[in-house]
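S.K.: give me a model of this one.
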Amino acid sequence: MQGCGQLPNVQTYAIILDALCSNQQLPKAIELLREMKDKKLELNIVVYTIIIEGLLKAGKIESAIEVFSGLSSNVVQPDVWTYSIMIKGLCNGGLLVEAEQLFREMGEKGCSADGGTYNTIIRGFINNNEASRAMGLVQEMVERGFSADASTVELIVNLLSKDRVDPALLPLLKSS
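M.R.: Presented below is the predicted three-dimensional model:
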């Protein structure tokens, strides 16, 4: 591309970053991110979200938290997708307090949770054996007008079948 006089833009780099992260080539992705910064490209939230997700999938939670925390200093604000990915990574790492704190913080920072974010954190709590906290979030989600997706409903039904949650919460499922 460059040999033909076409300089890659941020979108081109984002595609390459995503491919590198998806193929477990995180060191090359980080190197490419540095190259982008050196070239003074205006990095957007898509680029940072790709890197954060790549770090989380590689089990580098602390590094992902560091990149996420540094977004505001890079004059980039996380969007609902970035928050959801970060919340999922924290839940997968067993950091439920941090995940819920981030979930609550996003609204304070002007980024409202959507149904996908609720489903992400609810699944995270269920997968970490925090059924009662998950069900509180289900109730909150329904009250805010969102619905549980198929995978969340399946997890809740499994919990109900094992008597791990109060059957009185069943109407919440029906309404969602």
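
S.K.: just the mean pLDDT for the helix or strand harbouring Glu66, thanks.
M.R.: Glu66 is located in helix 61-69, with elements delineated by DSSP states H and E. The predicted model assigns helix 61-69 a mean pLDDT of 95.

S.K.: which strands and helices sit next to that helix?
M.R.: If you count contacts as 3 or more C-beta pairs under 8 Å, 6 or more residues apart in numbering; DSSP states H and E, helix 61-69 packs onto helix 45-57, helix 80-92. Bear in mind the C-beta positions are built from the backbone N, C-alpha and C, glycine included.

S.K.: mind listing what's buried in that helix?
M.R.: Within helix 61-69, the residues that count as buried by 16 or more other C-beta atoms under 10 Å are 61, 63-65, 67-68.

S.K.: what separation do you get for the residue nearest to Pro78 when sequence neighbours are not counted and Leu160?
M.R.: Leaving aside its sequence neighbours, Pro78 sits nearest to Leu71 (C-beta to C-beta, 6 or more residues apart in numbering; 5.6 Å). As for Leu71, its distance to Leu160 is 39 Å (criterion: C-beta to C-beta, to the nearest Å).

S.K.: and Lys40, by the same measure?
M.R.: 55 Å.

S.K.: for Asp149, same thing?
M.R.: With the distance defined as C-beta to C-beta, Asp149 ends up 17 Å from Leu160.

S.K.: same thing with Gly136?
M.R.: Gly136 sits 15 Å away from Leu160, going by C-beta to C-beta.

S.K.: looking at the two, which has the bigger crowd around it?
M.R.: Counted by other C-beta atoms under 10 Å, Gly136 and Leu160 do not tie: Leu160 has more neighbours, with 17 against 14.

S.K.: was I right about the residue nearest to Pro78 contacting Gln77?
M.R.: Yes. Assessed by C-beta atoms under 8 Å, Leu71 is found in contact with Gln77 at 6.8 Å.

S.K.: joint contacts of these two?
M.R.: Both Leu71 and Gln77 are in contact with Ile45, where contact means C-beta atoms under 8 Å, 6 or more residues apart in numbering.

S.K.: re the thing from before, now render the helices and strands packed on helix 61-69 as a markdown table, adding distance to Arg123 and mean pLDDT.
M.R.: Output for the helices and strands packed on helix 61-69, formatted as a markdown table (distance: least, C-beta to C-beta, whole Å; pLDDT from 0 to 100):
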| stretch | distance to Arg123 | mean pLDDT |
| --- | --- | --- |
| helix 45-57 | 15 | 96 |
| helix 80-92 | 7 | 97 |
